[in-house]
Structures are given as structure tokens and as C-alpha cells.
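[1] The following comprises the amino acid sequence and a computationally predicted model.
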Protein chains: 2
Amino acid sequence: MSLPLKLFTWGTPNGHKISIFLEVLGLKYETHPVDISKNESKEDWFVKLNPNGRIPTIVDPNFKNAPTEQGLVLSQTGAILQYLADTYDKEHKHSYPFGSAEYYKTLEYLIFQVSENGPIQGQAGHFKVFAKEKIQYGIDRYVNDTKRIYGVYEDILSRNKENQSKYLVGDRYTVADFALFTWASFLHKLDIDIEQWPLLAKWHAALAQLPGVQAGLKVPAV
Amino acid sequence: MSLPLKLFTWGTPNGHKISIFLEVLGLKYETHPVDISKNESKEDWFVKLNPNGRIPTIVDPNFKNAPTEQGLVLSQTGAILQYLADTYDKEHKHSYPFGSAEYYKTLEYLIFQVSENGPIQGQAGHFKVFAKEKIQYGIDRYVNDTKRIYGVYEDILSRNKENQSKYLVGDRYTVADFALFTWASFLHKLDIDIEQWPLLAKWHAALAQLPGVQAGLKVPAV
């Protein structure tokens, strides 16, 4: 890798997933803040990069045979994390070899995060914290399902006794862990106490100590 | 591949994603119906396979060095589709080589489907069709966002002029197309007319003609 990656991001759980993983892998990157409170992610220049108009997005100028002059442009946290692991974690410190069972279990739990944990907890946040009308039905529906989902993750950790339930998959932190971590860090905003899931609480506290996690949470510095 | 794959499924958009792709790839598989109207996916035997208690789940008994006696057990449609493409589409009729730009753009749009299209359209269906209370706020929120998301997919197709906007990525149908197809087929239940997106409407009509798609939609035969 010669040129720094470009990270278009903001200080949200989804943005932090990527800055944390970049820090954990020790990659060079430039941060481009996209202020979502000013709707900057809906501006034309950004929608050209990501038709969905949402941060985070990365551009990797080092990509060979890139489809654009800028390099590979990629959005969706699940896809970005998978790309970074595949491309820049050749020693598999935070991933498993392509084609292995652990590779696909990591993908399963990563996708569980992006397709259920994130969307449902996001809706819980909307109804509980952001919505201008108080709609009890919405609060109950999504807060309850958020709790159910963390219960499932507790179950997943409990199945990894071989590794003292420290990781979602196998014997190392992977993108499945980092992705869940940033959302689990916001549970208190829903008045949900992570301590009700003892393995998850320990898992969360351990991840919070990692230098890469601490550095990634400070991005963007605005 | 010697032994048939096992598919635990039900006749839902998420179930059909997998049966369609298995048919498109021409793979041998046994169907195990899991009646979600009877909560069978929450029964102990199924939760052992998928801690999240949701169909579909596959078991591949041919997987080498499988972590369980049964073989590789995998859930989450995004992970299953990616696994099947990586493993059983070696000629890349419906995928791109690992590591290519198209591989990751396929993953981006697949994850956009599982993390936004599916969850948001699912919530729209809940508030519009299934909820016992009529909550206009919920209907509006999710129906409007569903429309926004299909507008994004229309934009994605419009960017693929090189291939007459026939595919989401490049010059062939991939898991990104098949995953979106099954959800697009349910838009009418929300009184949303797909014809408002001309490229998507054509795309959907063309996919609906494929023999593999038609066969997959009949699974499970109960």
C-alpha cells in the first residue's frame, strides 16, 4: 500500500466501525468529514461516490484495475470491513483465510450486525430518542427486539467456550466483533444495561481497552 | 459436490433468495420446510443451527474441515449467497472473481439489500399489513424510506449504461440482483407500483422470466 486510503465519515456507530478497523490494522488513511447534520452526505459530490447517500465510504487509490480513476470506491460497512480484511490483513490477525469455515461464520455474524442489530437498534433510537411524537408502540417494538438481538449475541459468545467466550468467532477479534462493538456502545442511550448479558459486558469492556478502538472512536476529529 | 446441500426454509422473500440461487446454480439440495407460522424456527433444534432463530439456514455436508459433524452450518442470506457464489460458481456465471472490483461492488449492493432494503421494507410491511393497531407515523416512515431505497437502486441501474442497465453490477446477474428481486416482488403488497422506476421494472420483469427464479419461488412445496 503506497497511497493513503480515503475515509468519508462522521462520528456515528457506522462511521466508527471503519475508523476503528483501519486503526486496528494500522493502515494509513486520510479522513474526510461529511457532516450529516448538514446533510452533506446527500450532496451531489457524495452521491456520486455512494448512491445511497450515507457515510461511511472509502476510496482505495491503490486498487489495481480500478473501475474509476480515483480507485475502488466502496460503501456499506459490511462490504468495506470485508474488503479491508481480505486485502490488508494477510497475516489474519483479525480475520480467517478465505474459504474457511471461520471466514463464513465471521461473515454470518457481521451480516447479522448490519442487517438486524444496526437497523433495529437504529429504529429503537429513532422512536426513543429522536422522534418528535412519542409513539409507545414503536419504542416497545424496537427496544424489545434490540434486547432479543443482544441475547442472541450472548448465546453466540456462550458457544465459544473453547476461547473463554472472548470473541464471536474463534480465537481473535474480527470485523464481526468491531461492527457490533460500536453499536453496543450506544445501548445506554436506550436505557439498556449491557450488564444483563454477562459475557457481552466483558467482551465490550475488553474491546474498549484496545488502542486501535480508542483511536478509531476519535475519528473524525471535529 | 457429492451430497445434496440442506436448505431450511419457508416461502418468504428471504427464503426464496436462497432457493432461487441454488436453482440458478443448478445445485442439488434437500428442502427442509420450517413453518414460521408455527414458530418452528424458534424451536431448540433449529436455534442450535441458527442462534437467531430465523430461516433460511443451509448445511453443506461437503465442506472440508467442517467445524461440526453435519458440515458447514450457515445463516443470514447475505452470508449464504456469498458462500454459494464463492464455492459453487467457479465459472463466474453469476459472480466475479474474488478480489476484483466487481466482487466488492456486488457485496456492497448485496449488503445494501440485506441491511436497508430488507429491514426497511419489512418494517413497512409490518405497519401497513400486519400490525394490529394502525399507526400512520410508522406506515409513512417506512413506506417512504422503502421508496427512497428503490430510487437508489434505479440510480444504480442507470449507472450501468454500458450493459443497458440490465444488471446491478457489470454484465451478469449476481447475488445482489437475486436478493433484491424477491423483495421487489412484494412491493405491490405496500401499494407501491414498481413501474415508477422504469429501469427497475424492466429488470424485475426480465429476472421473473428466468427458469431458476421460477423454480426457486416454488420452494418449499407445501
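    On my side now, so go ahead.

[2] Pull the number of nearby residues for A:Leu200.
    By the criterion of other Cβ atoms under 10 Å in any protein chain shown, A:Leu200 has 22 neighbours. In short, each C-beta sits where N, CA and C put it, glycine included.

[3] now swap in A:Glu91 and tell me
    Neighbours around A:Glu91, by other Cβ under 10 Å: 7.

[4] for it, phi and psi?
    Main-chain torsions, A:Glu91, degrees, to the nearest 10: phi -90, psi 0.

[5] Would you mind pulling up the elements that the helix ranked longest in chain A packs against?
    Longest helix of chain A, by residue count under DSSP state H: helix A:136-158. Packed against helix A:136-158 by the contact rule (3 or more Cβ pairs under 8 Å, 6 or more residues apart in numbering or on different chains; DSSP states H and E) you find helix A:101-112, helix A:118-125, helix A:198-208, helix B:136-158.

[6] ok now the following helix or strand past the last one, how far from the chain's centre?
    Of the helices and strands lying after helix B:136-158 in sequence (DSSP states H and E), the nearest is helix B:175-184. Taking Cα atoms, centre = their mean, to the nearest Å, the mean C-alpha location of helix B:175-184 is offset from the chain mean by 5 Å.

[7] Quick one: list the elements packing against the helix or strand hosting A:Thr31.
    Using DSSP H and E, A:Thr31 falls within strand A:29-33. On a contact count with 3+ Cβ pairs under 8 Å, 6+ apart, strand A:29-33 meets strand A:5-9.

[8] The strand it packs on: partners in the sheet, and parallel or antiparallel?
    Using DSSP bridges, strand A:5-9 pairs in its sheet with strand A:29-33 (parallel), strand A:57-60 (antiparallel).

[9] Turn those strands into TSV, columns for mean pLDDT.
    Putting the strands paired with strand A:5-9 into TSV (pLDDT from 0 to 100) gives the following:
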stretch	mean pLDDT
strand A:29-33	98
strand A:57-60	98
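
[10] and the ones you listed, which is most packed in?
    strand A:57-60 (a mean of 24; mean count of other Cβ atoms under 10 Å in any protein chain shown).

[11] which other residues reach whichever helix or strand comes after that strand?
    As assigned by DSSP H and E, the chain's next helix or strand after strand A:57-60 is strand A:72-75. Strand A:72-75 has contacts (Cβ atoms under 8 Å, 6 or more residues apart in numbering or on different chains) with A:49-50, A:52, A:54, A:56-60, A:63, A:66, A:80, A:83, B:101, B:104-105, B:108, B:112.

[12] So, low pLDDT: which residues of chain A?
    Within chain A, the segments meeting pLDDT under 70 span A:1.

[13] Report the secondary structure state of the closest residue to A:Glu108 other than its chain neighbours.
    In space, and not counting its chain neighbours, A:Glu108 is closest to B:Ala79: 4.2 Å by Cβ to Cβ, 6 or more residues apart in numbering or on different chains. With DSSP: H, G, I helix; E, B strand; the rest coil as the basis, B:Ala79 sits in helix.
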